[in-house]
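> the sequence and its predicted three-dimensional model are supplied below.
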Amino acid sequence: MKPRSGVSLCLHIGMPKTGTTAVQHFLAYNRQPLSDSGILYPECGIPDFQHAAFVKSIVARHYPWTVCNNGTEHIEPKNYLNSVIDQCRERKCSRVIMSSEFFWAAPAMQSGPPYHRVTEKNLSHLDDFVCRCRELFQLFEKVQIVVYLRRQDGWLDSFFGQQVKEGFNSPDEKIIRTPRIYLLYAENLKIWAREFGRENIAVRIYDEQTGDVVGDFCRTVEIDASRYQRPKRESLTVNNRLTTLAADIMKNASKLTVDSRLMERMKRILMETSYVLIRQQQAGVQLFSRDLLADALRLYSEENRKLAAMFPEAERLLDTTPLASAVEEGSQTQCLEHDTQQLIADLVNLAAREK
């Protein structure tokens, strides 16, 4: 299939927990002005601010996606891309941006635990997915891959913090100490580089040095961010983190049998409190001990060295300085000195009084 002249693709593949939602909301918010500047950020079913539906349509034969995300629409990928090219012609756009964190690891995280493991079968699924992407993207004259990576201990701390916030139980230590396929950065990017060329992959590191991830993304893909408006930041977003005490309350509250609407109100109250405390820097956030996170990071030390050899910009992942949010072994239980059960009871009563 011959490329469609004049149309290039920037593919933002995640990974999750690296500011992808902020980037996607910025792009969706500026859809029209970007189009006026020759850059198309096409809609793609539900959710309409990213391209999860496109990913789902490719990987459905390998992963039981609907078990974890049955709200994502199914589309026909080839027809969708043809429609994108047609939109570019109509609007005189020479560039297309697509973004979904589910491109990363194709997307094992939306499926059950067996798909998280490092096995030949799971790696073959990933290989097949990336090959399929390359075949489909031959429609474009050039493809640039942009990926943000996060040091694995920080990613685990952030990901499971989100899970606890959403009402899931905190994982046991065995899960943290077991390698996960989507945290093997060199292995994943080796496949992407083989299909799209290492020179067409921009690796960015997401950490405390990143600062404004939207601005960083715009610089990476050569968009003048100053020309576009930022979405108004609401006090609460889907990715706000919990304070230590709030996380502990949620872990315990998730074991209760309460009405789902009551649980949602409890979560919102905790989020509001956490947001204020974090903004005022009056509370830290940690789920796991420093020793546990250090053990987890050691699982990927060799993988990170391989990655840095492939992409020198990834050398920041080799730093093993403990996370600022990590705590010494034992001090993690200090929050339990509060009367957690009483706090939960008070929270239930407060949420129940709301209309």
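In hand now; what should we look at? Numbers count the residues shown, from 1 in each chain.

> list the beta-bridge partners for H12.
Taking DSSP bridges, one finds S99, V146 as the beta-bridge partners of H12.

> surely it touches C218?
No. H12 is beyond contact range of C218, at 11.4 Å (criterion: Cβ atoms under 8 Å). Just so you know, the C-beta spots here come from the backbone N, C-alpha and C atoms, and that holds for glycine as well.

> of those two, which one has the most company?
H12 (26 against 19; other Cβ atoms under 10 Å).

> the more buried one and T119: what is the separation?
27 Å (Cβ to Cβ, to the nearest Å).

> so W155 is in which element?
Here W155, judged by DSSP states H and E, is contained in helix 152-165.

> other SSEs contacting that helix?
helix 244-253, helix 260-279, helix 290-298 (3 or more Cβ pairs under 8 Å, 6 or more residues apart in numbering; DSSP states H and E).

> give me phi/psi at the closest residue to F129 other than its chain neighbours?
Nearest non-adjacent residue to F129, counting by Cβ to Cβ, 6 or more residues apart in numbering: A106, 3.8 Å away. Main-chain torsions, A106, degrees, to the nearest 10: phi 50, psi 50.

> show the contacting residues for A106.
Counting by Cβ atoms under 8 Å, 6 or more residues apart in numbering, A106 makes contact with V55, V59, H62, Y63, H125, L126, F129, V130.

> give the contact list for the spatially closest residue to I39 that is not a sequence neighbour.
In space, and not counting its chain neighbours, I39 is closest to R95: 4.7 Å by Cβ to Cβ, 6+ apart. When contacts are counted by Cβ under 8 Å, 6+ apart, R95 touches V7, S8, L9, C10, G38, I39, L40.

> per-residue pLDDT of R95, please?
Looking at R95, its pLDDT reads 97.

> and the gap between it and T119?
Distance from R95 to T119, by Cβ to Cβ: 38 Å.

> what sits up against stretch 40-48?
For stretch 40-48, the external contacting residues (Cβ under 8 Å, 6+ apart) are 27-28, 30-31, 34-35, 50-54, 71-73, 75, 80, 83-84, 87-88, 91, 93, 95-99.

> which of those fall in helices?
Among those, the members falling in helices (DSSP state H) are 27-28, 31, 34-35, 52-54, 80, 83-84, 87-88, 91.

> coming back round to it: from L149, how far out is the residue nearest to I39?
From R95 to L149 the distance is 24 Å (Cβ to Cβ).

> same thing with E264?
In terms of Cβ to Cβ, E264 sits 33 Å off from L149.

> the more surrounded of these two?
L149 (26 against 12).

> circling back: the helix holding W155 vs helix 290-298, what angle?
Here the directions of helix 152-165 and helix 290-298 differ by 120 degrees (axes from the mean of the first three to the mean of the last three Cα atoms, to 10 degrees).

> model confidence over helix 152-165, on average?
On average, helix 152-165 scores 84.

> picking that back up, among the contacts of A106, who's most crowded?
V55 (27 neighbours).

> would you mind confirming that that one is in contact with A105?
No. Under the criterion of Cβ under 8 Å, V55 is not in contact with A105, lying 10.6 Å apart.
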